[in-house]
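J.: please find the sequence and the predicted model below.
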Amino acid sequence: MEVSTAMWTAAIVGAVVVYWFVWVMGAAEVKGKRAVNLKMGSITRDKVQDKYKQYWSFFRRPKEDIAAAADDDNVPAFVDTFYNLVTDIYEWGWGQSFHFSPSIPGRSHRDATRLHEERAADLIAARPGLRVVDVGCGVGGPMRAIAAHSGAHVVGITINEYQVARARTHNRKAGLDDRCEVICGNFLEMPFADASFEGAYSIEATCHAPRLEDVYREVFRVLKPGALYVSYEWVTTALYRADDPAHVQTIRGIEAGDALPGLRAQHEIAEVARQVGFEVVEERDLALPPAGPWWTRLKMGRIAYWRNHLLVSALTALRVAPKGVVEVHEMLYETARHLSDGGESGIFTPMHMILCRKPLAAPPPSS
Ligand SMILES: C=C(CC[C@@H](C)[C@H]1CC[C@H]2C3=CC[C@H]4[C@H](C)[C@@H](O)CC[C@]4(C)[C@H]3CC[C@]12C)C(C)C
Ligand SMILES: C[S@@+](CC[C@H](N)C(=O)[O-])C[C@H]1O[C@@H](n2cnc3c(N)ncnc32)[C@H](O)[C@@H]1O
């Protein structure tokens, strides 16, 4: 073979390999986000690394230190920064629903995710004609599944402006923008009138609140009497031992890598719900058997993480992705390890379900 033919052949094969690696292998679980489109939310390219460092020094501290420094009020701003940093990576590597679900033998992750979301809709009896609020809606994966499944009108709220834009784009593309609205705002002070919703749900979102009672009180305020609220909470279980260094390391790792001001214990949740005036209808850890383990999806992704690491490193070197993406990706990789340790040891669950009702004649909530 002539030298020039060999060089052309090598160049074409190289181009095909790069195309396959970046465009095909690097495609999102749910098409729409590719590695070459990784932005960092509303953060400008040159600020990504600094924002990551600020985020990390804030959330690396234990919850006692965040509270002692009276930094609680800054939590929503740092949570917003966190979602600027991770939203594209989540969409690219996980899909449009930013939560876990029990695995179901023989069914895809996508099916398991949808069923977990539809369960929330069924629990609050969402149906056509009802207006339901999605508290901490992300880019709207659950909102679209719930609107499509139940026929209800869903209004989502998220602190992150970039997610609002992503969610609206997805809603339009899914043809659900007449039934799904998205608002940018703080769920600790929701921009909704009292008693303006017939149902509410939150999926793995209220764990970002420094005080759970603040968000539950807001949900209580915007619900009509008799309306139902379901939440999937991130909590430590009764197996967690604060005097076991391995347990503490796992829980601290989950908190730091997921922008959490401090995980609550499972037994505290119902107490908070009652304190703001709710009746607790049902409470259950949806991760317990016969549910399939939610963390296997994280464990199975090892090869994908390695491929993703190579991709983000290459894209950063080529200046396609901004500096700092590799650090954010590494942080998520570490977080995935802590999350699966938490799941496997049983000291943590991301799906402690609590179903509450606002009483018809609401007694004044205790403060
Ligand atoms: C509810 C929350 C988010 C839960 C999950 C959706 C995310 C928690 C950890 C995330 C991930 C970890 C590893 C990433 C991997 C290194 C990368 O290559 C591709 C994306 C990941 C799989 C990413 C996806 C989303 C998570 C599973 C919290 C924030 C309250
Ligand atoms: C892990 S994501 C879950 C998103 C969505 N529920 C889902 O399952 O796809 C958590 C969501 O809570 C939102 N959030 C966190 N703190 C918030 C706050 N103070 N006000 C409004 N939204 C908040 C984040 O912006 C993000 O959209």
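T.: That came through fine. Ligands and ions are numbered 1, 2, ... in the order given.
J.: which other helices and strands contact the lengthiest strand in the chain?
T.: Longest strand of the chain, by residue count under DSSP state E: strand 223-236. Contacts defined by 3 or more C-beta pairs under 8 Å, 6 or more residues apart in numbering; DSSP states H and E place strand 223-236 against helix 109-123, strand 197-203, strand 264-265, helix 269-275, strand 348-357. For every residue, glycine as well, the C-beta is placed using N, CA and C.
J.: quick one: check the first one for contact with ligand 1.
T.: I take that to be helix 109-123. No: with C-beta under 6 Å from any ligand atom as the criterion, ligand 1 is not reached by helix 109-123; the gap is at least 9.9 Å.
J.: can you check what angle separates that helix from strand 223-236?
T.: Counting by axes from the mean of the first three to the mean of the last three C-alpha atoms, to 10 degrees, helix 109-123 lies at 140 degrees to strand 223-236.
J.: just checking, what packs against helix 109-123?
T.: Contacting helix 109-123 under the criterion 3+ C-beta pairs under 8 Å, 6+ apart are the following elements: helix 141-150, strand 197-203, strand 223-236, strand 348-357.
J.: tell me the angle the last one makes with strand 197-203.
T.: Taking the same axes, to 10 degrees, one finds strand 348-357 and strand 197-203 inclined to each other by 170 degrees.
J.: ditto for the first one
T.: Angle between the axes of helix 141-150 and strand 197-203 is 130 degrees (criterion: the same axes, to 10 degrees).
J.: returning to what we had before: how about the helices and strands packed on helix 109-123 in CSV, adding mean neighbour count, mean pLDDT and distance to ligand 1?
T.: What follows is the helices and strands packed on helix 109-123, written out as CSV (neighbours: other C-beta atoms under 10 Å; pLDDT from 0 to 100; distance: least, C-beta to the nearest ligand atom, whole Å):
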stretch, mean neighbour count, mean pLDDT, distance to ligand 1
helix 141-150, 25, 98, 10
strand 197-203, 25, 98, 8
strand 223-236, 22, 98, 6
strand 348-357, 23, 98, 6
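J.: those: which one's closest to residue 313?
T.: Taking C-beta to C-beta as the criterion, residue 313 comes closest to helix 141-150 out of those, the separation being 27.8 Å.
J.: so which elements touch that closest one?
T.: Packed against helix 141-150 by the contact rule (3+ C-beta pairs under 8 Å, 6+ apart) you find helix 109-123, strand 131-135, strand 153-158, helix 161-173, strand 180-184, strand 197-203.
J.: got the helices and strands packed on strand 223-236 as CSV, with distance to ligand 2 columns?
T.: Rendered in CSV, the data for these read as follows (distance: least, C-beta to the nearest ligand atom, whole Å):
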stretch, distance to ligand 2
helix 109-123, 8
strand 197-203, 4
strand 264-265, 15
helix 269-275, 16
strand 348-357, 9
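J.: dump these to JSON lines, plus distance to residue 39.
T.: Rendered in JSON lines, the data for the helices and strands packed on strand 223-236 read as follows (distance: least, C-beta to C-beta, whole Å):
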{"stretch": "helix 109-123", "distance to residue 39": "24"}
{"stretch": "strand 197-203", "distance to residue 39": "24"}
{"stretch": "strand 264-265", "distance to residue 39": "33"}
{"stretch": "helix 269-275", "distance to residue 39": "35"}
{"stretch": "strand 348-357", "distance to residue 39": "26"}
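J.: picking up where we left off before, in a markdown table: the helices and strands packed on helix 141-150, plus distance to residue 321.
T.: Supplementary listing: the helices and strands packed on helix 141-150 in a markdown table, determined by distance: least, C-beta to C-beta, whole Å:
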| stretch | distance to residue 321 |
| --- | --- |
| helix 109-123 | 25 |
| strand 131-135 | 30 |
| strand 153-158 | 24 |
| helix 161-173 | 16 |
| strand 180-184 | 25 |
| strand 197-203 | 29 |
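J.: for this structure, longest helix please?
T.: Among the elements of the chain assigned as helix by DSSP state H, the one spanning the most residues is helix 325-345.
J.: next, the buried residues of stretch 73-80.
T.: Buried residues in stretch 73-80, counting neighbours by 16 or more other C-beta atoms under 10 Å, are found at 75-76, 78-80.
J.: go on, stretch 92-105?
T.: In terms of neighbour count (16+ other C-beta under 10 Å), stretch 92-105 has its buried residues at 92-103.
J.: got it, and stretch 321-332?
T.: Within stretch 321-332, the residues that count as buried by 16+ other C-beta under 10 Å are 321-329, 331-332.
J.: ok, now stretch 124-138?
T.: For stretch 124-138, burial by neighbour count (16+ other C-beta under 10 Å) applies to 124, 126, 130-138.
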